[in-house]
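Colleague: Any chance you can model this:
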Amino acid sequence: MQWFPGFTTQRIETSGTQIHCVIGGSGPPLLLLHGYPQTHVIWHRVAPALARSFTVVCADLRGYGDSGKPPSDDHHAAYSKRAMALDMVETMQALGHRRFRLVGHDRGARVAHRLCLDHPEAVERAAVLDISPTRAMFAGTNQAFATAYYHWFFLIQPYDLPEHLIGADPIYYLHRKLGGWGTGLRHFDPRALAEYERCFSDPATIHASCEDYRAAASIDLVHDAESATDTVACPLLVLWGERGVVHRLFRPLDDWRRVARDVRGRSLPCGHYLAEELPEDTLRELTAFLSE
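Modeller: Here you go, the predicted structure:
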């Protein structure tokens, strides 16, 4: 594969959909999860190096990339982080990994958080990139946050308002989102950008990604409230970009220490897309943590 030399491609059937992933390397299993509006390709600058020490699985979340896009309903349960987390546990089990290390960026980090709560026996250690917990971010919403993360409130509008507006020019929207969180488009490999464009041009992806955000503002908050006294039990690494919104408006370490027992981490001198903007720094932090 052009981005992942030596990796193979698989499509795993889960109880809820099909998950597309690439797999490479040898050693302890490691699952990498991407965020919005991207695919597993975000890891192309770090996954090959991680594969020297780990069996690396880079998966497309349901609704994104080449994974399945199951139908949803007014409850948005099909795109809850609980459903997405179960996909990933079943994917790893199908590959022979009942316990694994876990890294998530953006939406993938929210899936990782839910996976740690729902399936603590599956996760040895986890890292979350450039987020604070969903409840903390909604609770801290003010004009500055709503302006910077307007998409949180745009994408949750009822079907089909955001779908119709994004679908009118999906490449324009994609570029504005990718380029609007800290450092512009210059850090994206043109091949990777073309892959994001291919996937995000699919109306089914646009709809599914809206459902992801609708779930975050509804059923995910219900699940989070039900888990309010639960904590992430495994060691947790928190990384975020100094030029991003999370750094400017939240306190990631403090926020995560309210919901996890063993938290460490730091900011990196970049925007939102750590693994693509600062791959060497991101790789160094992840390798040190994941190898403990």
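
Colleague: how far away is Phe7 from Val22?
Modeller: With distances taken as C-beta to C-beta, to the nearest Å, Phe7 is found 4 Å from Val22. C-beta: built from backbone N, CA, C; applies to glycine.

Colleague: scratch that, Ala288
Modeller: Ala288 sits 24 Å away from Val22 when distances are taken as C-beta to C-beta.

Colleague: So which of those two has more stuff around it?
Modeller: Val22 (22 against 10; other C-beta atoms under 10 Å).

Colleague: quick one, phi/psi of the more buried one?
Modeller: The phi/psi pair for Val22 (degrees, to the nearest 10) reads phi -120, psi 150.

Colleague: One more: Val263?
Modeller: The phi and psi values for Val263, taken as degrees, to the nearest 10, are phi -120, psi 130.

Colleague: Bridge partners for it, pull those for me.
Modeller: On the basis of DSSP bridges, Val263 is bridged to Leu236.

Colleague: ok, how many other residues are close to it?
Modeller: Look at Val263: counted by other C-beta under 10 Å, it has 19 neighbours.

Colleague: now swap in the one 4 residues further on and tell me
Modeller: Here the neighbour count serves as a burial measure; for Ser267 (other C-beta under 10 Å) it reads 18.

Colleague: Strands of the stretch 1-150 of the chain, residue ranges please.
Modeller: Applying DSSP state E, counting those that start in this stretch to the stretch 1-150 of the chain gives strands spanning 8-13, 18-25, 29-33, 55-59, 100-105, 123-129.

Colleague: how about these in a markdown table, adding distance to Arg243?
Modeller: Formatted as a markdown table, these follow (distance: least, C-beta to C-beta, whole Å):
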| stretch | distance to Arg243 |
| --- | --- |
| strand 8-13 | 34 |
| strand 18-25 | 29 |
| strand 29-33 | 22 |
| strand 55-59 | 25 |
| strand 100-105 | 15 |
| strand 123-129 | 14 |
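
Colleague: can I get those strands in CSV with mean pLDDT and distance to Ala83?
Modeller: Listed next are these as CSV, based on pLDDT from 0 to 100; distance: least, C-beta to C-beta, whole Å:
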stretch, mean pLDDT, distance to Ala83
strand 8-13, 98, 15
strand 18-25, 98, 12
strand 29-33, 99, 14
strand 55-59, 98, 14
strand 100-105, 98, 15
strand 123-129, 98, 17
